[in-house]
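S.K.: Sharing a model prediction with you, sequence too.
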Amino acid sequence: MGHGGMDHGAMGHDMSGGASSGHDMAGHTMAGHGAGLPPVAIPAGALYTEADVRFMQGMIAHHAQAIHMSRMAAARGASPRLVRFARKIDLSQAGEIAQMQEWLQAHGQFAPDTSAWRTTTMHGMLTAAELARLEAARGPAFDRLFLQYMIRHHEGALKMVADLFATPRAGQDVDVSVLANDVETTQTAEIGLMRQMLAEL
């Protein structure tokens, strides 16, 4: 039902360009409610809920934009420390995207591909204008803008996790729970590190 497992080569292609108008997939916004996505059918007796499915679908798009942002760093004169940090985000979130796609496919749900960020609005995600501003920045100006935007992006992911666990019966599937808690732990730590890096600029 979903797209195939994540093709890392395709992902590099999907995220190599700038912001897209997304006119070819207009309507596939996931602004918290899964609008434009296929309906979710939950089998009787399942431990997961529609909120779990929408969380996984939305977090794929959310992570994919963070990867797109991170892949800008090396070509824009970012500091070596920031390039290393951006590479860490790229690798860890790409791995989580693969896990989320596999979970969705295993449960017969629609699995967005890594271009979903172009047509999706979730907490903390950058607008097309903000992405263009980041793409145009160079050197220390890129470092500062990247950190400011990525802190907000990470805070958006934490809000998505909080909303999931605040939803009745959601977050009880072990795989969803583990992934959501990993996102919370990792991105909370990374926010602290980014705030330190920003203060040192």
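M.R.: Great, that's in hand.
S.K.: what ranges do the strands span in this protein?
M.R.: With DSSP state E as the criterion, the chain has no strands.
S.K.: residue ranges with poor pLDDT in it?
M.R.: 1-35 (pLDDT under 70).
S.K.: rerun that using 80 as the cut-off
M.R.: 1-36 (pLDDT under 80).
S.K.: hey, C-alpha coordinates of stretch 127-138 in CSV?
M.R.: Extracted in CSV, the C-alpha atoms of stretch 127-138 (Å, rounded to 0.1, in the frame of the first residue of the first chain):
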residue,chain,number,x,y,z
THR,A,127,8.3,27.7,5.0
ALA,A,128,9.5,28.0,1.4
ALA,A,129,10.7,31.6,2.1
GLU,A,130,12.7,30.4,5.2
LEU,A,131,14.3,27.6,3.2
ALA,A,132,15.3,30.1,0.5
ARG,A,133,16.9,32.3,3.1
LEU,A,134,18.8,29.4,4.5
GLU,A,135,20.0,28.3,1.1
ALA,A,136,21.2,31.8,0.3
ALA,A,137,23.2,32.2,3.6
ARG,A,138,27.0,31.5,3.7
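S.K.: So for that stretch, what gets flagged as buried?
M.R.: Under the neighbour-count criterion of 16 or more other C-beta atoms under 10 Å, stretch 127-138 has 130, 131, 134, 135, 137 buried. (Glycine included, C-beta is placed from N, CA and C.)
S.K.: Format those as JSON lines; extra columns: distance to residue 104.
M.R.: Compiled in JSON lines, the buried residues of stretch 127-138 are given as follows (distance: C-beta to C-beta, whole Å):
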{"residue": "130", "distance to residue 104": "28"}
{"residue": "131", "distance to residue 104": "26"}
{"residue": "134", "distance to residue 104": "29"}
{"residue": "135", "distance to residue 104": "30"}
{"residue": "137", "distance to residue 104": "35"}
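S.K.: So which of those residues sit within helices?
M.R.: 130, 131, 134, 135 (DSSP state H).
S.K.: Would you mind measuring from the residue nearest to the first one when sequence neighbours are not counted to residue 73?
M.R.: Spelled out, that is residue 130. Of all residues not flanking residue 130 in the chain, residue 149 sits nearest, at 6.4 Å (C-beta to C-beta, 6 or more residues apart in numbering). To residue 73, residue 149 is 12 Å away according to C-beta to C-beta, to the nearest Å.
S.K.: neighbour-wise, which of these two wins?
M.R.: Ranked by neighbour count (other C-beta atoms under 10 Å), residue 149 and residue 73 place residue 73 first, with 23 against 20.
S.K.: which residues does residue 86 contact?
M.R.: Applying C-beta atoms under 8 Å, 6 or more residues apart in numbering to residue 86 gives the contacts 69, 70, 71, 72, 73, 74, 78, 146.
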